[in-house]
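> Coordinates only, no sequence provided:
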């Protein structure tokens, strides 16, 4: 493991100009770890953004293959972070070693997926309309389009995935793939982890000859605002709270030059239990659902926070079984003391709400989060009670019983935007409740059948996004290869000499791309 | 021609609940035309947005082929708008009949291009990751993704293209193609034209059995704000001024649910004259440039408003010739009195600026716009004087002489975002000045060589967009088939029964799409 110096990462060097220090804490005991971090000064924030801007000109013009080599090298460096690194992450986050080992593989796998996207080349979106000199009334000129990176990206990682959604996480990988340098705001909950991952990225950048400034990282409270407001920054990636995401979106919209923000924020991920499934397998659903709600202390963006079923003896039986399972779940140490405070507050609000009854869970006190189960009157959802729609980040969930299918429809229509919705059903259920799907499509980014939303596969088809307030822009995803689209913009070349065109658009098709030529996709060479 | 009733278009009916009237004017004489229009009431705005929302559920689920039939039918109806219609448009806009006939063909052609996009199916972005049940440590589930419309779109058309960027213009066509109903805010400069085109769309919608509410249109001043703030509206398309676009972006960002705005706003479209071209053909460049600046009264978003050259005897000679040509250009009747007022004000600001000299043009007075040529000191550009960067909408342009290549580079770096940049050069120039291109790529949406930016081809490869303030979001285009992307969002299906999947994602590939299956593009059927 490298020494954790706690210096900021600027243009390939370490910088420690400030005099304000931050401390990394042991998430389980709350004691200070022997590392301190230099809060970036205003000048350091500026230098980091400038370094990214200077790197952009050359980084974006590297061939896709060269950027793929960089991503592969980052993946290799991450894989080589050893047991001492895993132990460090565990101390900072209270997550178990097995989870961190898995997340390390997920993080390097994510880098390699984007390397594959770069080599496939479809992200370039090459389109060619050849000239039609004889067209009447006017000839058509030669027009060619492909996509380039938007510019330096500010990335704010999440507390709950210290590797996969953090320093070298999905947003960073997507930005690099798009040719965009990154200024990363290190998460206060795992700064030593961030320091180590930052070093891994820098080693990879040096080994593969990337421009200095391709990756920069700043530590500190309050450094996010000047970063987002810096004129060099052209887009923002964020994973965190609704409050935080909204604040960043507001800052970005109020800039002299407004920029897009891709914030993944708040979702309660409804699970809809259909009647035949309840009749057939209520016991196993109750067991699996309790496990999904409490998995990793419930600290997932896709944690199922709302369980909906139609009133029936089977649903009542299921609720009893789920109550039993939830009351038997062990408490969890959360990622940090702030998270525990927020969880306790959220649970207290639910307990004190007149329309909500508490079904299971030990009193919330001490240093761990107690799993909790609630039941709410459907009227709260129908009347869009904000309390019901807000994510309580931790091992808690809430049951809603609807009177019939008509009320089920109304309840789903009353939901705000979500990352996921899940249907638990037998084949007959799915056939009968087909009418739910168009409603869910308009509410969520991903619809699951007979699974739980907490597993988010990193692949081409994944959507980890959805209508507001799940994200700030439903047109993006922050997991999976489509995430690169957020950081690309099209450029068109008109009547351009072939030799001076970018390789993606040259007649000889040197990258071997599938291109849209005169309205038809092909890999053909143009004579 | 249908009767121009001036009633609002709501859910396939006409509605005239209000008591405030607007009048259509003859753009040449200023006299009132015999049509008056009912300003939409607050309730009518609400009903129009609701109608779009109700239509969305069924419209977005129509097969691409069904929506293509609708677009083709709109195209046919537009083509059938006859000479009396052309005469009406000419009266409202002072544009010549030949131009309107051409624009009619461009508008129907645009609809047919999107019909082709629908039949090609690539806009669906189908991606399939098949299950890997034996994968270690965890199996992969079946994941499939495609794109659906974001929801009802509010569209604000432009004054300067009463057909192609208006009621049935590019934004409307792209929204329809994406499966999104439209609420169109009729432009006050050509309300009778809008009424006729609205009727054409409704005829097409009825003939092809589209849901009522697929197209709605409201008349009036001040009706845009409640429209953009209406919760049913999910995105905004706009073509117009920087001031107007910024105001809409602000409203959209401040909604309870923020929504994206695609505003095409302000661009001065720099033309860079390279030395060998000036040496070889200064006379023809001066003639062509004067024609391009004054084409259509200079009322194009892509009108060349800035001409840059390196100091030399050839450049001085060119400036003399351009001055001569500009002084010989005839005055133009603009689209409306407001446009003439703004033009006169812009010209006055330039005349009164100490760093700017007036080279050619008659005194601006009367009812027509006088073509004007100015020369500005390069320091104004280097110091980012806002006056120099702001579009003067009309037949005016501004010359800047730079001392050398280093200053040329600084001048281009000082530019704000633009729709286009143009290089006029001989082959040797283009080779020598290759270093300009990466700078321009970061500043503009389209780079032209040896042409003029005023022709914007409607095709797959066009980009009519660019960094702020050219548009509010550089990731979009408002001309060409890529415009559909602005109104689409991805949805993912996990572990879904094949029969219940959307056709685009079913194993048998009934739409015959190219799909990204396990990381490879193919049209294959899945066993």
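Looks like it came in fine. Quick caveat, the model's predicted, so the values are computed rather than measured.
> What residues of the helix or strand of chain A with the lowest mean pLDDT count as buried?
None of the helices or strands of chain A scores lower by mean pLDDT, DSSP states H and E than helix A:386-389, at a mean of 80. Neighbour-count burial for helix A:386-389, with 16 or more other CB atoms under 10 Å in any protein chain shown as criterion, is recorded at A:387-389. Using the backbone N, CA and C atoms, a C-beta is placed for each residue, glycine as well.
> Same check on stretch A:229-238?
A:229-230, A:232-238.
> Closest one of the buried residues of helix A:386-389 to residue A:200?
residue A:389 (38.9 Å; CB to CB).
> distance of residue A:310 from residue A:431?
Using CB to CB, to the nearest Å, residue A:310 is found at 16 Å from residue A:431.
> more crowded one of the two?
residue A:310 (19 against 13; other CB atoms under 10 Å in any protein chain shown).
> give the contact list for the more buried one.
A:275, A:401-405, A:408 (CB atoms under 8 Å, 6 or more residues apart in numbering or on different chains).
> at 6 Å what do you get?
Residue A:310 makes contact with A:402, A:408, according to CB atoms under 6 Å, 6 or more residues apart in numbering or on different chains.
> repeat for residue A:509
Counted by CB under 6 Å, 6+ apart, residue A:509 has contacts residue A:525.
> coming back round to it: now compare the buried residues of stretch A:229-238 and name the two farthest from each other.
Most distant of the buried residues of stretch A:229-238, by CB to CB, are A:232 and A:238, 17.6 Å apart.
> what does chain A have sitting close to chain B?
A:127-129, A:140, A:143-145, A:253, A:257, A:430, A:441, A:446-449, A:451, A:457, A:459-463, A:468, A:474-475, A:489-497, A:516 (CB under 6 Å from any CB of the partner chain).
> In helices, which of those residues fall?
A:253, A:430, A:441 (DSSP state H).
> number of nearby residues for the nearest residue to the last one once chain neighbours are set aside?
I take that to be residue A:441. Among residues not flanking residue A:441 along the chain, residue B:491 sits closest, at 5.4 Å (CB to CB, 6 or more residues apart in numbering or on different chains). Neighbour count for residue B:491, taken as other CB under 10 Å: 24.
> thinking again about what came up before, what is the nearest of the ones in helices among the residues of chain A next to chain B to residue A:69?
The closest of these, once distances to residue A:69 are taken by CB to CB, is residue A:253, at 36.8 Å.
> Look at the residue nearest to that closest one when sequence neighbours are not counted and report its pLDDT.
Among residues not flanking residue A:253 along the chain, residue B:253 sits closest, at 4.0 Å (CB to CB, 6+ apart). Looking at residue B:253, its pLDDT is 95.
> Can you tell me who the residue nearest to residue A:441 pairs with across the strands?
Beta bridges link residue B:491 to residue B:146, judged by DSSP bridges.
> thinking it is in contact with residue A:443, fair?
No: the criterion here is CB atoms under 6 Å, and residue B:491 misses it with residue A:443 at 10.1 Å.
> For the residue nearest to residue A:253, the count of nearby residues, please.
Residue B:253 sits with 19 neighbouring residues when counted by other CB under 10 Å.
> Distance of it relative to residue A:171?
Distance from residue B:253 to residue A:171, by CB to CB: 21 Å.
> Check residue A:413 too.
For residue A:413, the distance to residue A:171 - CB to CB - is 32 Å.
> repeat for residue A:238
Per CB to CB, residue A:238 is found 8 Å from residue A:171.
> average pLDDT across stretch A:397-413?
97.
> what about it, how long is it end to end?
20 Å (CA to CA, to the nearest Å).
> Now do the buried residues in it.
Buried-residue list, stretch A:397-413, by 16+ other CB under 10 Å: A:397-402, A:407-408, A:411-412.
> Residues in contact with it: which ones?
So stretch A:397-413 is contacted by A:293, A:304-308, A:310-311, A:319, A:374-376, A:378, A:381-382, A:439 (CB under 6 Å, 6+ apart).
> Now, of these, which are buried?
Using 16+ other CB under 10 Å, the buried ones in the contacts of stretch A:397-413 are A:293, A:304-308, A:310, A:319, A:374-376, A:378, A:381-382, A:439.
> Residue ranges of each domain in chain A, please.
As assigned by automatic domain parsing, chain A contains the domains A:32-265+A:478-485, A:270-449.
> Give me whichever of those is most buried.
With neighbours defined as mean count of other CB atoms under 10 Å in any protein chain shown, those peak in mean count at domain A:32-265+A:478-485, which reaches a mean of 22.
> okay, how far is it across it, tip to tip?
40 Å.
> Contact partners for residue A:67?
Neighbours of residue A:67 in contact, by CB under 6 Å, 6+ apart: residue A:118.
> contacting residues around stretch A:166-180?
With contacts defined as CB under 6 Å, 6+ apart, stretch A:166-180 is touched by A:59-60, A:107, A:110-111, A:114, A:117-118, A:149, A:153, A:155, A:157, A:182, A:184, A:187, A:194, A:197-198, A:201, A:237, A:478-479, A:483-484, A:487-488.
> Which of those fall within helices?
Counting by DSSP H, the contacts of stretch A:166-180 contribute A:59, A:107, A:110-111, A:114, A:117-118, A:194, A:197-198, A:201 to helices.
> Can you tell me the SS state at the residue lying closest to residue A:400 once chain neighbours are set aside?
The shortest distance from residue A:400 to any non-neighbouring residue, by CB to CB, 6+ apart, is to residue A:308 (4.9 Å). Assigned state for residue A:308: strand (three-state reduction, DSSP: H, G, I helix; E, B strand; the rest coil).
> give me every residue that touches residue A:308.
A:270, A:272, A:400.
> Of the ones in helices among the contacts of stretch A:166-180, just say which sits nearest to residue B:249.
Closest to residue B:249, out of all of the ones in helices among the contacts of stretch A:166-180 and judged by CB to CB, is residue A:59, at 29.2 Å.
> List the contacts of that closest one.
With CB under 6 Å, 6+ apart, residue A:59 has these contacts: A:179, A:181, A:211, A:214.
> Neighbouring strands of the strand or helix carrying residue A:37 in the sheet, and parallel or not?
Element membership of residue A:37 [criterion: DSSP states H and E] is strand A:32-38. Paired strands of strand A:32-38, with direction, are strand A:21-25 (antiparallel) (DSSP bridges).
> Point out where the stretch 151-300 of chain A drops to low pLDDT.
Within the stretch 151-300 of chain A, no stretch has pLDDT under 70.
> quick one: the helices in it?
With DSSP state H, counting those that start in this stretch, the ranges of helices along the stretch 151-300 of chain A come out as A:170-177, A:191-207, A:224-229, A:242-253, A:275-294.
> Out of the ones you listed, which is closest to residue A:69?
helix A:191-207 (9.0 Å).
> what does that closest one contact?
Under CB under 6 Å, 6+ apart, the answer for helix A:191-207 is A:2, A:4, A:9, A:24, A:35, A:37, A:73-74, A:77-78, A:85, A:88-89, A:92, A:162, A:167-168, A:186, A:214-215, A:217, A:219.
> gap between the residue lying closest to residue A:321 once chain neighbours are set aside and chain B?
Computed as CB to CB, 6+ apart, the closest residue to residue A:321 that is not its neighbour in sequence is residue A:286, at 3.7 Å. Using CB to the nearest CB, to the nearest Å, residue A:286 is found at 20 Å from chain B.
> Repeat that for residue A:45.
22 Å.
> how far away is that residue from residue A:214?
17 Å.
> what does residue A:401 give?
53 Å.
> do the same with residue A:104
Residue A:104 is 22 Å from residue A:214, by CB to CB.
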